[in-house]
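> Give me coordinates for this.
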Amino acid sequence: AGNYVSATGGAGDARQFSIYVDVPSVRNLADGVDAVRSVVRTNFKQGADFVKILATGAVLSQGIPPGAQQYSDEEIQVAVEEATRWGRMVASHAHGAEGIKAAIRAGVRTIDHGSMMDDEGLALLRASDYTFYVPTLYVGAVVVREGASLGVPPEEIERSRRMMAFRNSTFRRAVEAGLTVGFATDAGVFPHGHNAREFQLRVENGQEEMDAIVSATGTAATIMGWADQVGTLELGKHADVIAVPGNPLDDITELERVMWVMKGGVVHRDDNRERSEP
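Numbering: from 1, shown residues only. Purely as a prediction, here's the structure:
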């Protein structure tokens, strides 16, 4: 996706100390319809398959509160318009209810986090045949548990604790409402490879084990537009398969103990073979 698209002073504005410090990641700051249009076009020109726009504030950043809508409806809309012209899509970071609804109405592909989504937002998602809710439960838990050792400021840990309660509640309501739920990592907040820890939190908050697995496979493939290639075990698709020692339908944490990996029909990991070799 390249760099996210964010507003000055909002989530993603990494200039925490001085606006005069040149930080490469903030070069996609854009304020106003024309600026957003330009940055989105630049991302696509550089080869991005999709653009991530930050519709609301964030938990682990200084500036506008996470629940506040930081981009206007028009700014979000123009990002979607440009993506549509390019045949691409827009993912939207969104915590607060108003920003979530603005992003859904604009036609983004995903609502990432969706922490404070209200009933109207849930209804808009249920009525949409395009936009998906993609919660990120583990990211909140890991910040609360390990944030201090990672150097996260105490106020951001406490903010994450409060937001985690919102996010878990929203997830439970979404599951009860029968909403199709996607799966993502919020990569960068915790190390790659830990995303399987999301499954346990999904199940603890009301999602059936198989539904959680499908959200990370078939549903994720549909969201990305790859359903004809991956996401299910069918003839003609890429043979991307893992094996774990136990049955994840009995214990979803088995998915954290991957012992065999096939990618594109080629075995890249086989713990049994490694143990048997001299």
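
> mind showing which ranges of the stretch 151-278 of the chain have poor pLDDT?
For the stretch 151-278 of the chain, the stretches with pLDDT under 70 are 274-278.

> measure the closest residue to Ala102 other than its chain neighbours to Ala227 for me?
What sits nearest to Ala102 in space, not counting adjacent residues and going by CB to CB, 6 or more residues apart in numbering, is Asp73, at 4.8 Å. C-beta here means a position set from N, CA and C on the backbone, and glycine is covered the same way. Distance of Asp73 to Ala227, given as CB to CB, to the nearest Å: 30 Å.

> before we move on, the earlier item: surely the residue nearest to Ala102 meets Val108?
No - when contacts are counted by CB atoms under 8 Å, Asp73 is not listed as touching Val108 (11.9 Å).

> out of the two, which sits in the busier spot?
Val108 (31 against 16; other CB atoms under 10 Å).

> I'd like the distance between that one and Ile53.
Note on Val108: its distance to Ile53, by CB to CB, is 7 Å.

> joint contacts of those two?
Among the neighbours of Val108, those also in contact with Ile53 (CB atoms under 8 Å, 6 or more residues apart in numbering) are Ile76, Ala79, Val90, Ala91, Ser92.

> of those residues, buried ones?
Neighbour-count burial (16 or more other CB atoms under 10 Å) is assigned, among the shared contacts of Val108 and Ile53, to Ile76, Ala79, Val90, Ala91, Ser92.

> now, among the residues you listed, which is nearest to Arg269?
Among these, Ala91 lies closest to Arg269 (CB to CB), at 29.4 Å.

> Enumerate every residue touching the closest one.
Counting by CB under 8 Å, 6+ apart, Ala91 has contacts Ala1, Phe50, Val51, Lys52, Ile53, Val108, Arg109, Thr110, Asp112, Val134.

> what do you get if the cut-off is 10 Å, keeping everything else the same?
Applying CB atoms under 10 Å, 6 or more residues apart in numbering, we find Ala91 in contact with 1, 4, 50-54, 83, 103, 108-112, 132, 134, 184, 223.

> His113 now?
Contacts for His113 (CB under 10 Å, 6+ apart) come out as 56, 58-59, 66, 92-96, 100, 133-137, 139-140, 163, 166-167, 170, 184, 186.

> taking the residues you listed one by one, which sit in helices?
The helices, defined by DSSP state H, take in Ile100, Leu137, Val139, Gly140, Met163, Phe166, Arg167, Thr170 from these.

> Show the buried residues in the residues you listed.
Neighbour-count burial (16+ other CB under 10 Å) applied to the ones in helices among the contacts of His113 gives Ile100, Leu137, Val139, Gly140, Met163, Phe166, Arg167, Thr170.

> correct me, but the second one touches Ser215?
Think Leu137. No - using CB atoms under 10 Å, Leu137 is not in contact with Ser215; the gap is 11.5 Å.
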